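Q: Have a look at this prediction, sequence included:
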Amino acid sequence: MDGTFPKVCSTEAFALPPNPVFALAYRISPKLTLGAAFLTPSHVASSKWPEQVNGLPSPQRYMLLQRSSLFMMPTIGFGYEAVPGLRIGASFTWGIASMSYAFAAVVSNTTGANPLANDVRAQVDATDIFVPGGTLGAIYSAGDVLDFGAWVKVSKPIQASGDLKTQTSAGILGDTGKPNCSTPGNVPECKGGAVHVQIPVPLELKIGARLHGAVGHYAYLRDPMLTDKWDLEVNLTWARNSDYDRMQIRLPPYDDGTGFLPLNGLMGARIPANADMARGYRDSLGVRVGGDVNVIPNKLALRAGSFLETDGQDTRYQSIDNIGSTRIGVAAGGTLRFASSKTWRAFELSFGYMHMFVLDRTNTTTTGNPALAITGANSRTPWPVNAGTITSSLDAINLGLSVRF
């Protein structure tokens, strides 16, 4: 063996399900508007990786075999014009998170073991039905052509509870969601829902400015397709990703601090109750530039934009579930409106396409993330399992329907 491994690609060409967004805003008075929304974050909801490549165990298996996640954010909020030209807004979000992660672990923490016999597939399924969060923002209009804005988002971490399932090619060996973990004999430590997963949700800040070619002064109406000829917007963003230094996975512990891992045939197998996975994310800065042109006023608007986000992860802890590389995006789209020429009541169809370039990242160190080990003096392998180069890109399609009344 020369120490090289084959290239491995995700087996899912499309990320399903899509990320739906539903929202309703209602103007109570000329200065006060209430809103409600059902939001999902813009992310790849699922990915699947092969367990074998060319008849051999796949090299990425200890990082990830399969992932699926669902994060719903029912939201209520308001906007209010506190003084002429200054509008403030706030929202509260009730987040609901469900996730499933599958990866490989080694049974015997020894070198030279045959992975076909020594690997165990571990799958964690967990749910958190209450992830509170909120936003606070403000927009100041310096006249009819220039706006300034600021926005902050905060959230509690996802603190999910669920179960752990272990499996080999022979079938399911254990499942904490079933009596006695589906293992022979009485296993009193095995309790359903006792596996805990915690994932931080980073703090986000944004500031921006918008220059627009107004066609007149409108005291309370803010409708760019009707009141503007064009606009140009620049935003600066900051995400405190360093909060996400690790994904916490905690197993039901014994009195001696070791965690129970259900393994039929390996009764007494224990690993530390702390089965965390280091992520090493770091704070990231971003800049976004975009603009609209009303090709046909109140009927057709075309838009384009681009963004850059700085590298947000220590390469020693690189992973394939959420790649922290530098990202560059380019996007284009438009809105087709069906309305009379002098009214803001309208029916709109919006469309957009984005391609995101994700810069390659390579880990050449010997201190990267190890694999989990079930038996042996150490619960982590002495070798890293995330060495090598990760490449990625993303294409996103957006379709929208709006009704103004």
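A: Noted; the coordinates are in hand. In this text the structure is predicted, and so the values were computed from the model without any measurement.

Q: For stretch 174-181, measure first residue to last.
A: Stretch 174-181 has an end-to-end distance of 5 Å (criterion: Cα to Cα, to the nearest Å).

Q: start at 78 instead
A: Taking 78 as the first residue, the last one we looked at is stretch 251-258.

Q: just how off-centre is that stretch within its chain?
A: With Cα atoms, centre = their mean, to the nearest Å as the basis, stretch 251-258 stands 29 Å off its chain's centre.

Q: May I see the buried residues of it?
A: The neighbour-count check on stretch 251-258 (16 or more other Cβ atoms under 10 Å) flags 251-254, 257-258 as buried. C-betas here are computed from N, CA, C, even on glycine.

Q: which stretches of the chain form helices?
A: Assigned by DSSP state H, the chain shows helices spanning 192-195, 301-304.

Q: Looking at the ones you listed, which one is packed in the most?
A: Among the helices of the chain, ranked by average contacts under mean count of other Cβ atoms under 10 Å, first place goes to helix 301-304 (a mean of 20).

Q: packing partners for it?
A: Counting contacts by 3 or more Cβ pairs under 8 Å, 6 or more residues apart in numbering; DSSP states H and E, helix 301-304 is packed against strand 361-373.

Q: Tell me the buried residues in the strand it packs on?
A: Using 16+ other Cβ under 10 Å as the test for burial, strand 361-373 gives 361, 363, 365, 367-371.

Q: Take the helices of the chain and write them to JSON lines, including distance to residue 402 and mean pLDDT.
A: Listed next are these as JSON lines, based on distance: least, Cβ to Cβ, whole Å; pLDDT from 0 to 100:
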{"stretch": "helix 192-195", "distance to residue 402": "28", "mean pLDDT": "79"}
{"stretch": "helix 301-304", "distance to residue 402": "33", "mean pLDDT": "84"}
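
Q: ok, the nearest residue to residue 320 once chain neighbours are set aside to residue 442 distance?
A: Distance criterion Cβ to Cβ, 6 or more residues apart in numbering; nearest residue to residue 320, sequence neighbours excluded, is residue 277 at 4.2 Å. For residue 277, the distance to residue 442 (Cβ to Cβ, to the nearest Å) stands at 24 Å.

Q: Of those two, which one has the most company?
A: The neighbour count for residue 277 versus residue 442, taken as other Cβ atoms under 10 Å, is higher for residue 277 (21 against 12).

Q: about what we covered before: now for the residue nearest to residue 320: which residues touch it?
A: With contact set as Cβ atoms under 8 Å, 6 or more residues apart in numbering, residue 277 has these partners: 234-235, 320-321.

Q: what about burial for those, which qualify?
A: 234-235, 321.

Q: picking up where we left off before, what's the most distant pair in the buried residues of stretch 251-258?
A: Greatest spatial distance in those: 254 and 257, 11.3 Å, computed using Cβ to Cβ.

Q: Quickly list what residue 181 is bridged to.
A: Listed beta-bridge partners, residue 181: residue 198 (assigned using DSSP bridges).

Q: Surely it and residue 451 touch.
A: No - in this structure residue 181 lies outside contact range of residue 451 using Cβ atoms under 8 Å: 11.1 Å.

Q: Find residues that contact each of these two.
A: Shared contacts of residue 181 and residue 451, defined by Cβ under 8 Å, 6+ apart, comprise residue 197.

Q: what's the spacing between the closest residue to residue 382 other than its chain neighbours and residue 466?
A: Leaving aside its chain neighbours, residue 382 sits nearest to residue 367 (2.6 Å; criterion: Cβ to Cβ, 6+ apart). Distance, residue 367 to residue 466, by Cβ to Cβ: 31 Å.

Q: is it true that residue 312 touches residue 362?
A: No - with contact defined as Cβ under 8 Å, residue 312 does not count as touching residue 362 (11.4 Å).

Q: what's across from the closest residue to residue 162 other than its chain neighbours in the sheet?
A: Distance criterion Cβ to Cβ, 6+ apart; nearest residue to residue 162, sequence neighbours excluded, is residue 218 at 4.6 Å. Residues in a beta bridge with residue 218, per DSSP bridges, are residue 224.

Q: residues near residue 218, how many?
A: Around residue 218 there are 17 residues (other Cβ under 10 Å).

Q: pLDDT wise, what is it at?
A: You'll see residue 218 listed with a pLDDT of 91.

Q: Would you mark the buried spots in stretch 470-478?
A: Result for stretch 470-478 [16+ other Cβ under 10 Å]: buried residues 471, 473.

Q: Check stretch 429-437 too.
A: 429, 431, 433, 435.

Q: got it, and stretch 375-390?
A: Here stretch 375-390 shows 375-376, 378, 380, 382, 384, 386-387, 389-390 as buried, counting by 16+ other Cβ under 10 Å.

Q: Now render the residues you listed as a markdown table, adding distance to residue 122.
A: As requested, the buried residues of stretch 375-390 are exported to a markdown table (distance: Cβ to Cβ, whole Å):
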| residue | distance to residue 122 |
| --- | --- |
| 375 | 36 |
| 376 | 35 |
| 378 | 29 |
| 380 | 26 |
| 382 | 24 |
| 384 | 21 |
| 386 | 20 |
| 387 | 25 |
| 389 | 20 |
| 390 | 20 |
